[in-house]
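Novice: Give me the fold of what follows.
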Amino acid sequence: MIITVDENDEKRLDSFLSEITDFSRSKIQSLIKSGDIKINETIKKPSYILKEGDKIDFEISEAQTLKIQPQNIPLEIIYEDENMLVVNKPSGMLTHPTTIERENTLVNALLYKYSENLSDINGEYRRGILHRLDRNTSGLLMIAKNNKTHEFLAEQIKNHKITKKYRAVVKGIIKEDEFEINAPIGRNPNQPHKMMIKNDGKPSKTIVKVLERFKEHTFVELTLITGRTHQIRVHMKYINHPVYNDTLYGAGQGKVKTDEQVLQSYYLRFTKPFEDEIIELEIKPDDKTEKVLKYLRS
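Specialist: Sure thing, here's the model as predicted:
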């Protein structure tokens, strides 16, 4: 099996593989040292930090690979053709399983509807997945039905040829109508589940456009120029306007209770695989956004 690493997997090699298999970390370390697991066709140490684009080559029997069960979970499909689809992921749903949670994810639902007709470039537990949304971020996600399409769309993402726009309610009043945040993002060494602004982080750019201002909050549109983990949430915290109810990044709980951050991926623009046609998709604000906006407008 070969897995291509994306930026969300930039962690220790042994940690990553123990997450996607039923092997213990010590067993994984033994396999790495014996040469059964290679990175870019070379043997690395178990402590090797994975980098975006690395190719992990390992042979682990199917019985020992993380088992993902298909589940009959309704999918809201916004667009579909013979090679791909775009779904509207609800808030509260994980994009793909983990060793802790193996059920009720988007991948479980995709496997039920499409079976093996999904790309496997990123491994069995991320069938079809090209990019992710945080559990409590809703909205548009592209899914590849085969590896050729996966590579085509991944190349568009890499070269910033796909336009992704989000809606969010943030704390405080933003005075500028439109501006760019240009601040590098890296993993927080003291809290690995969080990201932070770091001088040695990856270049990260977000365009912020004000849609509506309230007494103590602002409704904004955010266009991703890059696509780092938690990019919008980290950038908005950096300028002291954290996303409403984003308790992980310091917003606190607002008067309107929601399942964490009020953030939605609402717009996608991309080239249809293997054709010149431009696909442009937009969805309405989700229930969480509407609920908060209704309160703020009243």
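
Novice: could you pull out the helices for the stretch 101-250 of the chain?
Specialist: 106-114, 147-158, 231-238 (DSSP state H, counting those that start in this stretch).

Novice: Output the contacting helices and strands for the longest one.
Specialist: Yep, that's helix 147-158 we're talking about. Taking 3 or more Cβ pairs under 8 Å, 6 or more residues apart in numbering; DSSP states H and E as contact, the helices and strands that helix 147-158 lies on are strand 138-144, strand 263-271. Quick note: C-beta positions are derived from backbone N, CA and C, even for glycine.

Novice: Identify, out of these, the most deeply packed stretch.
Specialist: Mean neighbour counts were taken over these using mean count of other Cβ atoms under 10 Å, and the top value, a mean of 24, falls to strand 138-144.

Novice: tell me the angle that strand makes with strand 263-271.
Specialist: Here strand 138-144 runs at 40 degrees with respect to strand 263-271, directions being taken by axes from the mean of the first three to the mean of the last three Cα atoms, to 10 degrees.

Novice: would you put the C-alpha positions of strand 138-144 in CSV?
Specialist: The C-alpha atoms that make up strand 138-144 are tabulated as CSV, following Å, rounded to 0.1, in the frame of the first residue of the first chain:
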residue,chain,number,x,y,z
SER,A,138,-20.0,22.5,7.5
GLY,A,139,-20.0,22.8,3.8
LEU,A,140,-18.6,21.8,0.4
LEU,A,141,-16.1,19.0,0.0
MET,A,142,-14.8,17.4,-3.2
ILE,A,143,-14.7,13.6,-3.5
ALA,A,144,-12.7,11.7,-6.1
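
Novice: Enumerate every residue touching the spatially most central residue of the chain.
Specialist: Computing the C-alpha centroid of the chain and ranking residues by Cα atoms, centre = their mean puts Arg132 first, at 2.2 Å. With contact taken as Cβ atoms under 8 Å, 6 or more residues apart in numbering, Arg132 is in contact with Asn8, Thr95, His96, Leu141.

Novice: which one of these sits closest to Ser119?
Specialist: Comparing the contacts of Arg132 against Ser119 with Cβ to Cβ places His96 closest, at 12.6 Å.

Novice: any idea of the pLDDT on that closest one?
Specialist: His96 carries a pLDDT score of 90 in this model.

Novice: Which members of the contacts of Arg132 are the farthest-apart pair?
Specialist: Greatest spatial distance among those (Cβ to Cβ): Asn8 and Leu141, at 13.6 Å.

Novice: mind listing what the nearest residue to Asp286 once chain neighbours are set aside touches?
Specialist: For Asp286, the nearest residue in space outside its immediate sequence neighbours is Ser138; the separation is 4.8 Å by Cβ to Cβ, 6 or more residues apart in numbering. Contact partners of Ser138, counting by Cβ under 8 Å, 6+ apart, are Asn88, Lys89, Pro90, Ser91, Leu263, Gln264, Ser265, Asp286, Lys288.

Novice: tell me the strands in the stretch 51-200 of the chain, going along the chain?
Specialist: Residue ranges of the strands in the stretch 51-200 of the chain, as given by DSSP state E, counting those that start in this stretch, are 55-58, 77-80, 84-89, 138-144, 163-171, 178-182, 185-187, 195-197.

Novice: What is the burial count for Arg127?
Specialist: As a burial measure, Arg127 scores 25 neighbours (other Cβ atoms under 10 Å).

Novice: gap between it and Ser91?
Specialist: Taken as Cβ to Cβ, to the nearest Å, the spacing of Arg127 relative to Ser91 amounts to 22 Å.

Novice: Out of the contacts of Arg132, which is nearest to Thr258?
Specialist: Compare each of those with Thr258 using Cβ to Cβ and the shortest gap goes to Thr95, at 19.1 Å.

Novice: Is that closest one in contact with Asn104, as I believe?
Specialist: No: using Cβ atoms under 8 Å, Thr95 and Asn104 do not qualify as a contacting pair, with a distance of 11.6 Å.
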